[in-house]
Every structure is written in structure tokens, then in C-alpha cells.
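Novice: Show me the folded form of this:
(2 chains)
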There are 2 protein chains.
Amino acid sequence: MSSTKYKKDKEIIADYETQVKEIRNQLVEQFKCLEQQSESRIQLLQDLQEFFRRKSEIELEYSRSLDKLAERFSSKIRSSREHQQFKKDQHLLSSVNCWYLVLNQTRRESRDHATLSDIYTNNVILRFAQISEDIIRLFKKSKDIGIQMHEELVKVTNELYTVMKTYHMYHTESISAESKLKDAEKQEEKQFSKSGDLNVNLLRHEDRQPRRSFVRKIEKIKEKRQAKYSENKLKCTKARNDYLLNLAATNAVVAKYYIHDVSDMIDCCDLGYHASLARTLRTYLSAEYNLETSRHEGLDIIENAVDNLDNRSDKHKIMDMHNQVFCPPMRFDYLPHMGDEVCQVSAQQPVQTELLMRYHQLQSRLTTLKIENEEVRKTLDATMQTLQDMLTVEDFDVSDAFQHSRSTESIKSVASESYMSKLNVAKRRSNQHETEMFYFSKFKEYLNGSNLIIKLQAKHDLLKQTLGEGERAECGTTRGRRNARARIQVPLLLESIGQDTRALNF
Amino acid sequence: MSSTKYKKDKEIIADYETQVKEIRNQLVEQFKCLEQQSESRIQLLQDLQEFFRRKSEIELEYSRSLDKLAERFSSKIRSSREHQQFKKDQHLLSSVNCWYLVLNQTRRESRDHATLSDIYTNNVILRFAQISEDIIRLFKKSKDIGIQMHEELVKVTNELYTVMKTYHMYHTESISAESKLKDAEKQEEKQFSKSGDLNVNLLRHEDRQPRRSFVRKIEKIKEKRQAKYSENKLKCTKARNDYLLNLAATNAVVAKYYIHDVSDMIDCCDLGYHASLARTLRTYLSAEYNLETSRHEGLDIIENAVDNLDNRSDKHKIMDMHNQVFCPPMRFDYLPHMGDEVCQVSAQQPVQTELLMRYHQLQSRLTTLKIENEEVRKTLDATMQTLQDMLTVEDFDVSDAFQHSRSTESIKSVASESYMSKLNVAKRRSNQHETEMFYFSKFKEYLNGSNLIIKLQAKHDLLKQTLGEGERAECGTTRGRRNARARIQVPLLLESIGQDTRALNF
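Specialist: Prediction:
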């Protein structure tokens, strides 16, 4: 019985120690886990720093390449500009303006990527390095806190162990006192039952005195043992109470540690990590978004210039620049011969009848010609519309090529096939050339017709004026014109053959 | 007189020829100007092609560098991932997720710049080349048209020359006929005045007969000359009329050429140039805008991940991943010693008074401790708030660095000075470290306080329960718990010391 009892004691202690050991192992593992966590964060930050260091280099290379590219063509323009007449902005052709803006945009991109590179190196990377420092420092401090927490756990489990052992001891003593008390009570009982037997024989014998002292002695022992037992039982009760109170306290402290403290310790390690990481990544994002905004602004400037591509205005600029070449010459004046004082068409007899006949012939000829040429013009206009439709087809949207949601492998083929496939291009171009050929042949036809019309119309108008005026011959106007040496003006009659009047500067 | 007359004729012809020669020179210069215009366009298109060829190379280099960069870290992650436990997405930490997305964005940028490069080479450059072809073909065709126009001008000026010469000729003849007629009239007059004188002497002489035939002869000559003069005058009138009509026609044709035809010829040269250039530049813009949109989408994904950076969720993921390490242990059960059947705090006399005293002591001690610790907690919270404010300061806006309107020279200094100047950074960090130190010291204080409180509170609560229950001793519940081997639960009492309850998964 005694060995079983001792074994149970040992068992309890062993169980308790196992449980405490398990907790201690967990605590060690928790530190390891946090350390590993810190290490992988430091590794992550090192990777990020290395990444941005290299990306900074890439951005700088890209920036330099773009700058070199822009400079190459800009210097070419600067040197050629001096030879050409582009110095003045008012002579800058809309097409050339687009080219200059493409170069500007390239310089802008170059500058922006240099700025990006600078922000990576002098801002983003430094921030990552600081976060690494923070992690190391905070892990150390948090581990200090953790050690304090663990010490507390060790302390309470040790205390519990002590009070448990005390309880065991007092309980053992209490049991022992109880059994001793019970022995005494048994002996007393035995004596009482003996003395009951004895009482019958007591009157017959004189040996009553020694028995009485023996009973008293037993009584005394029993009382002593009773006192001892009560004392031990009280000690045991107090020890049990202490054990139970400490048990509650220990469980509360352990629970608090696992439910809250360990989480708080991790929070100490994390302190500011996510916020600082977010700020650093936001710096990166801010740089990237700003680069993008700047790029967008630049592209909008180019788009605006493309919207303003204007062949009419460019034509006028070119004619303006070469004013001497496109300036209409003096009109041919009537030069009367050797004091000939007649300076108008003479419509008196005998030429009057002939002129009248000629006038009517011209009139009917012109009517026919105008109808014919109007038909040619209509065909010409329709052909031009067809050409314009071909030339302004909206075939420039390449957004399909940038669809990332689809399989990325097929990107290039999409870009190439739909817009610029050789078959499509060849077909479109041959179509365009045919229409162009037809347009030019019709244009020549129309030109011949309108030239004939303009000549006949001029003669017709002069005859009409002459025949209308009859015999009134005034030279004054013609002579006055001759002295003024006027440049050719737009004759009103031109409008009558269907040509639209264009606003020309000269 | 005759030499002066001839000189005037020559002068007129010379003037006319000078005027025609000037026009012909202009026509030659106009062709030269158009040719030069075409050449500078071809040069512009060559520059554009060369520019985009080189830019395509730069974009490809950039794309490759980015891809290599992303791949370097991605392969590192792939190999390390197999060792670590990040395989499952549910364990992906929000911070690591940001890093993966930065790499994704880099790959995306790489792909987009490769697409850009591809579009430059296989679309934009081809279009520019086609425009060059168009310019050459259209210049040739337009020159054909121009030649036809010039031929017309030459034809009408030649005709004018011819009719002018005819007019001169007939006018000369008319003058000559007139003077001859006048001579005849003079002679007749002379004869008449002679015959007047003669009539006085006529009756005295017999020579009247020869004189009469002479007069008739003169009369006949005069009539002949009169007829000749009339004929020449009519011829001259007709020639003058023709000259005047042709003059009008010529001026009309020349005016038409300068006002309309030359402009039409330039239009023929320009045919589609601006439209095709616009389409090509729009292709470039479409590519650039799409690259930008894609970049923006990618950045938005990262921004979203940064918004979702979450230390609490990351903490839970880590604890979840290391479940065995953070799992609360079994609670310590009451282990009664050697068949001790008492399993509760005993509150009977003689310990009752003592326990009651102890209970009251605990109660007042706890009240004081809680007040004290609440003060520490308040300081702790305020310090944490200060730290949070430092850690979440919005210092990541770098838009100033991308301001192109200002002087571009100061860009870098702006970026470096305001955000990451050494002085600012050092000041901020030393401030942060000080606050951190204070926080940790307060946290330790608070931890000590709350550990003491939790222990005393557990004892207090157990005593309260025991003293309240009085003598009722039930072991059932405790024993039941022991068999269940329950994990530690969140004790309600923890909340009473001011700790916020956290939603933990385990």
C-alpha cells in the first residue's frame, strides 16, 4: 500500500512536470517562430531594396537612352533649322510640330524616369533600410518583453509546484496522523472491551490499579493524536486551499499569456511594420502614378497637335514662306498699237453681226460644257470622298495588344494580324492606288474642261458687256488699270464654274 | 519717225516676253518648291522611322531588363516557397502579397513595353514607310498635272502673242493704208486747187484734156486706197477684237492657275499625307495610352494590396501556420492527493475567518491595483497613438518631383529635400525611438500590473464563490472538467482589467 501511495505522488509530480515542460517548449518555439518571422521580413526588405536598386538602374539606363535619342534628333533639327526657314514659329508646319512634340515627350519621359530612379534610390530604398533596422530593434525589445512574460509563467508554475508539494506533504501527514489517531482509538476500544470483560472480574482481583493507569495513558495518547490530527488536518486544509487558489491564479496567468500576452508580444514585434511598409510602397506608387500623369499630359499635348494637323494651313504657310514663287503675276494689259486709240472690243458694223453670232455660239457651247464638267466634278467629288474614307479609316486602336486578361502568348499576333497583316495592307493599298489613279484621270479631265470654260466664259462675258454697251467706247477704265499694274484679282466668273472659292492670303 | 515706230513695237513684244518669262520662271520655282517640300517630308518620315526604330530597341531593352529583374526574384521565391509554407494562398501574408504584386507589375510593364516595341516596329514604322511611298508617287502624279497646267499657260500666252502680233500687223497695215489714202487725198486736193487756178486760165489755154484724165487717175487711186484702208481697218478691228478677247481669256486662265490650280496641285501632292500621318501618330498614341492604362491598372492592384496591408490578419495567419506553437496548453487541473475527497476551497471554521479577511484584503488591494494599472494603460494608449501618428504620417507624395512647368533643374533637390533629407529623417527617427522606448517601459509596467491583477483576481473570485456558496461542497464540476481535459478558455475576468478581447481563431 505504501509503495502504491508513493508511486501516485510521483506520478502526479511527473504529470505536472511534463505539462510544464510542454509549455516551456512552446515558449522556446514561439521565440524561434518570431525570430524566423523577423528574419523573413528582413529578407523580404533586402529583396525589395535589391529590387529597387536594380530597377533604379534600369530606369536610369532607360532615361539615358531616351535622352540620347531625343538629343540626336534635336541637334539635327537645330543645325538644319538654321539652313531652313523654320526659325519663326508662325512658319512651323503642323506635321513638323507633331514631330517636335514627339521629341519633347521623349525628353519628358527621360526626365520622369530619371526622377523615378532618383526617388527609388534616395527615398524608397532608404525607407526599406529603415524598416529593416526597426524590425531588428523591435524584435530585440519584444523578446525582452517576452522573456519577462516567460519568467512570470515560470514563476507561477514553480509556485504552484511548491504549494502542491506542501499540500501533498500536509495531506500525507494528515493521513498519517489520522491513521495514528485511529490506531489509538482502536487500542482504546480494545481496552474498553477488555475492561468490560475485566469489570466482571475486577472485584475478584486486586490488579485494577495498573489497568486504570494504562487506560489513562491510552486516552492521553489518543488525545495527543487527536490534537496532532486536527493540527495536520488544518494545515492540510490550508495547504489545499493555497493549492486551489494558486491553481486558479496559475491557470488565469497561463490563459492570459496564451490569449493576450503572446499576441501583444507579436504586436510589439510588428509595431509600425505594416504602416512603414505601406508608406514606402505608397511612395513608390506616388512616383509611378505621377510619372504616369506626366506621361499622360505629354501624350495629350501630342494628341492635340495631331487633332490640329491641317493640310490647308500648312499649304498656306508654305505658299507664304515662298511668297515670290506663288504670288500671282501682273495681269496682261491691253497694249494699243502705235497710237491706236480704240481700246475696247469694237462691236459696230460690219463686225457686229459676226460678234453677236459668236456670242450666241459661246453661250450655247458654255452651257453644254458646264453641264458636262459638272458631271465630271461630281464623279471627282465622290472619288475624293472614297479616298478620304480610306485615308481616315480608324485603324489605329491597338488596345487589343494590351489585354492582359487573355493569354499573354497571343498578344503579338493580335497586334500584327488585325492591323498590319501583309494581306490586309496590300489589299488596302492596291485599292487606294486604283482609286487614286481614277481620281487623277478624272482630275485631268476636269482641269481641261474648266480651262476651256474659263477661256470661253471670259470671251463670252467681254462680248456680252461690249454688245450690251453698244457703241459707247470708253478707254478710261482700261488705261487706269494699266497704270496701276494691278495683280490678278479673283474674277467673279470663276465661281460660276463650280469651283469653291478658297480664302487665300495673297 | 519710222525707227521710233518700230522700236515701240519691239518694246511691246519685249515687255510681253519679259512678263511671260517671269511667269515661266515662277512655274519652274513652284515645281522646285513642291519637290523640296516632298523631300523634306520624306526626310521627316525617315527621321520618324529612324526614331521609332531606335525607340523600339530602347523599349525592348527596357522590357528585357524588367523581365530579367522580375524573373530573378520570382525564381528565388519559387525555390524558397517549396521550403516555406507559403504554398497555400490563405497563408500569404499581406506584406508578402504586396511584394508579389510589385513583381507582377514589373512583369506586366515588361510585357507592355515589349508590345510597344512590337507595335513601333511592325505597325508605326511600316505606316511611315508607306507614307513616304505615297509622297513620292503623288508628287510624280501631281507634277504630271502641273505640267499639263503649265502647258495650258504656255499655250494661252503663245496664242495671245500670236493675236497681238496679228493685231500689230493689221494695225500697221491699216496705218500704212490710211497714210497712203491721205497721200492720195492730198494729191487730189492739190489737183483741185490747181484746177481752180487753172479754171481762171482754162479758157485761155487748150491743155484741159490731159489734166482731166490725170484727175480721174488720182480719183481712182484714192478710191482704191480708200477700199484698201477700209479692208485693213476691218482686219485690224477684227484682230484687235481677237486680241482683246484672248487677253481676257489669258488673264482668266492665268488668274485661275494662280488662285486655284496651283493650290489644287499642292492638294494633289498632299493627298492623304496629313490623314495618314495622323493615323500613324494615333497608332503611336493608342499604344502609349494603352500602355499607360495597363500600367495604371497594375498600380491600382498594388494600391489595393497596400490598402489591405493588415498586421492583425498577418498575425493570425502566422499563428495559424504555427498552430502547435501558439495553441493554448491544457489547463492545470486540481489533483487531489491520495484519495483526498475535498476538491474545493474549504471555508469552514477555523479557516473561514482568515479566508474572509483575506478576501477583503484582496478586494481592496485589487481596487487600488486596477486604478493604478488603468492609469498606466491610459499613458500606454496615448503613447501608442503618438507612435501611430508618427508611423502613419502621409509623407509619401512625390508629385512635386514631377512638376515640369517649373525649372527642371531643381527637380531632384525637391524630391530629396522635402521627404528624405538627412536632417529630417534623423530628427523623425530619434523622436520615434524615444517614444518607442517610453512605450516599451510603460508596457512592461502594465504587464507586471496586469499579471498581478489577474492572479489576485483569480484568487478573489474563487474565494468569493467559496464564501458565497458557504459549506456546499461539490466536486462534480471540477472532476468533470478534469476528464474533458479542456483547453484554456478565455476567462471572463480578463475583461474586467481593461484588456480588449481579441477575436482569436484558436
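Novice: State the number of residues packed around the closest residue to A:Leu467 other than its chain neighbours.
Specialist: Nearest non-adjacent residue to A:Leu467, counting by Cβ to Cβ, 6 or more residues apart in numbering or on different chains: A:Ala347, 5.6 Å away. (C-beta placed from N, C-alpha, C; glycine too.) Residues near A:Ala347, counting by other Cβ atoms under 10 Å in any protein chain shown, number 23.
Novice: Equivalent analysis for A:Tyr446, please.
Specialist: What A:Tyr446 shows, counting by other Cβ under 10 Å, is a neighbour count of 21.
Novice: my guess is it contacts A:Glu372, does it?
Specialist: No: assessed by Cβ atoms under 8 Å, A:Tyr446 is found out of contact with A:Glu372, at 10.0 Å.
Novice: Contacts (any at all) between chain B and stretch A:318-327?
Specialist: Yes: applying Cβ under 8 Å from any Cβ of the partner chain, one finds stretch A:318-327 touching chain B at A:Ile318, A:Met319, A:His322, A:Gln324, A:Val325, A:Phe326, A:Cys327.
Novice: Over to that stretch now: how far is its first residue from its last?
Specialist: 12 Å (Cα to Cα, to the nearest Å).
Novice: and it, which residues are buried?
Specialist: A:Ile318, A:Met319, A:Met321, A:His322, A:Val325, A:Phe326 (16 or more other Cβ atoms under 10 Å in any protein chain shown).
Novice: same check, this time on stretch A:347-359
Specialist: A:Ala347, A:Val351, A:Leu355, A:Arg358, A:Tyr359.
Novice: same question, stretch A:325-335
Specialist: Residues of stretch A:325-335 classed as buried: A:Val325, A:Phe326, A:Pro328, A:Pro329, A:Arg331, A:Phe332, A:Asp333, A:Tyr334, A:Leu335 (neighbour count, 16+ other Cβ under 10 Å).
Novice: Which two of these have the greatest separation?
Specialist: A:Val325 and A:Tyr334 (27.3 Å; Cβ to Cβ).
Novice: in the stretch 101-250 of chain A, which spans are helices?
Specialist: A:125-202, A:208-256 (DSSP state H, counting those that start in this stretch).
Novice: To B:Ala252, which of those lies closest?
Specialist: helix A:125-202 (78.0 Å).
Novice: which helices and strands sit right next to that closest one?
Specialist: Counting contacts by 3 or more Cβ pairs under 8 Å, 6 or more residues apart in numbering or on different chains; DSSP states H and E, helix A:125-202 packs against helix A:2-83, helix A:208-256, helix A:262-270, helix A:273-307, helix B:422-469.
Novice: Could you dump the ones you listed into a markdown table and include distance to B:Glu29?
Specialist: Converted to a markdown table, the helices and strands packed on helix A:125-202 look like this (distance: least, Cβ to Cβ, whole Å):
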| stretch | distance to B:Glu29 |
| --- | --- |
| helix A:2-83 | 18 |
| helix A:208-256 | 100 |
| helix A:262-270 | 81 |
| helix A:273-307 | 30 |
| helix B:422-469 | 67 |
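Novice: The ones you listed: which one's closest to B:Ala382?
Specialist: helix B:422-469 (9.5 Å).
Novice: could you dump the helices of the stretch 101-250 of chain A to TSV with mean neighbour count?
Specialist: Listed next are those as TSV, based on neighbours: other Cβ atoms under 10 Å in any protein chain shown:
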stretch	mean neighbour count
helix A:125-202	17
helix A:208-256	19
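Novice: Quick one: the ones you listed as CSV, columns for distance to B:Lys222 and mean pLDDT too.
Specialist: Below are these laid out as CSV (distance: least, Cβ to Cβ, whole Å; pLDDT from 0 to 100):
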stretch, distance to B:Lys222, mean pLDDT
helix A:125-202, 120, 86
helix A:208-256, 153, 86
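Novice: Nearest to B:Leu181, out of the ones you listed?
Specialist: helix A:125-202 (113.0 Å).
Novice: what angle separates the closest one from helix B:422-469?
Specialist: Going by axes from the mean of the first three to the mean of the last three Cα atoms, to 10 degrees, helix A:125-202 is angled at 20 degrees with respect to helix B:422-469.
Novice: now helix A:125-202 and helix A:262-270, what's the angle there?
Specialist: Using the same axes, to 10 degrees: helix A:125-202 against helix A:262-270 is 160 degrees.
Novice: and the angle for helix A:125-202 with helix A:208-256?
Specialist: Using the same axes, to 10 degrees: helix A:125-202 against helix A:208-256 is 160 degrees.
Novice: Contacts only, for A:Met149.
Specialist: Residues counted as contacts of A:Met149 (Cβ atoms under 8 Å, 6 or more residues apart in numbering or on different chains) are A:Tyr257, A:Asp261, A:Val262, A:Met265, B:Leu447.
Novice: Against A:Cys98, how distant is the third one?
Specialist: Taking Cβ to Cβ, to the nearest Å as the measure, A:Val262 and A:Cys98 are separated by 66 Å.
Novice: Check the first one too.
Specialist: Going from A:Tyr257 to A:Cys98 by Cβ to Cβ gives 72 Å.
Novice: and the buried residues of stretch A:325-335 as JSON lines, adding pLDDT and secondary structure?
Specialist: Shown next, in JSON lines, are the buried residues of stretch A:325-335 (pLDDT from 0 to 100; DSSP: H, G, I helix; E, B strand; the rest coil):
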{"residue": "A:Val325", "pLDDT": "91", "secondary structure": "helix"}
{"residue": "A:Phe326", "pLDDT": "93", "secondary structure": "helix"}
{"residue": "A:Pro328", "pLDDT": "91", "secondary structure": "coil"}
{"residue": "A:Pro329", "pLDDT": "90", "secondary structure": "coil"}
{"residue": "A:Arg331", "pLDDT": "89", "secondary structure": "coil"}
{"residue": "A:Phe332", "pLDDT": "90", "secondary structure": "coil"}
{"residue": "A:Asp333", "pLDDT": "87", "secondary structure": "coil"}
{"residue": "A:Tyr334", "pLDDT": "87", "secondary structure": "coil"}
{"residue": "A:Leu335", "pLDDT": "82", "secondary structure": "coil"}
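Novice: now, among these, which is nearest to B:Ile175?
Specialist: The nearest member of the buried residues of stretch A:325-335 to B:Ile175, counting by Cβ to Cβ, is A:Leu335 at 15.6 Å.
Novice: Next, the contact list for that closest one, please.
Specialist: Per Cβ under 8 Å, 6+ apart, neighbours of A:Leu335: B:Ile12, B:Asp15, B:Tyr16, B:Met164.
Novice: Give the closest residue to the first one in space, chain neighbours not counted.
Specialist: The reference is to B:Ile12. Nearest residue to B:Ile12, sequence neighbours excluded (Cβ to Cβ, 6+ apart): A:Leu335, at 5.0 Å.
Novice: Ramachandran angles for that neighbour?
Specialist: Note on A:Leu335: its backbone torsions stand at phi -110, psi 100 [degrees, to the nearest 10].
Novice: what's the burial count for the closest residue to A:Leu362 other than its chain neighbours?
Specialist: Leaving aside its sequence neighbours, A:Leu362 sits nearest to A:His460 (Cβ to Cβ, 6+ apart; 4.3 Å). A:His460: 23 surrounding residues under other Cβ under 10 Å.
Novice: I'd assumed A:Ser364 was in contact with A:His460.
Specialist: No: under the criterion of Cβ under 8 Å, A:His460 makes no contact with A:Ser364, lying 10.3 Å away.
Novice: Among the contacts of A:Met149, find me the one that's closest to B:Ser117.
Specialist: A:Met265 (52.0 Å).
Novice: so what's that closest one up against?
Specialist: Contacts of A:Met265 (Cβ under 8 Å, 6+ apart): A:Leu34, A:Ser142, A:Ile145, A:Gly146, A:Met149.
Novice: Tell me who's in contact with A:Leu277.
Specialist: A:Ile131, B:Ser95, B:Cys98, B:Leu309.
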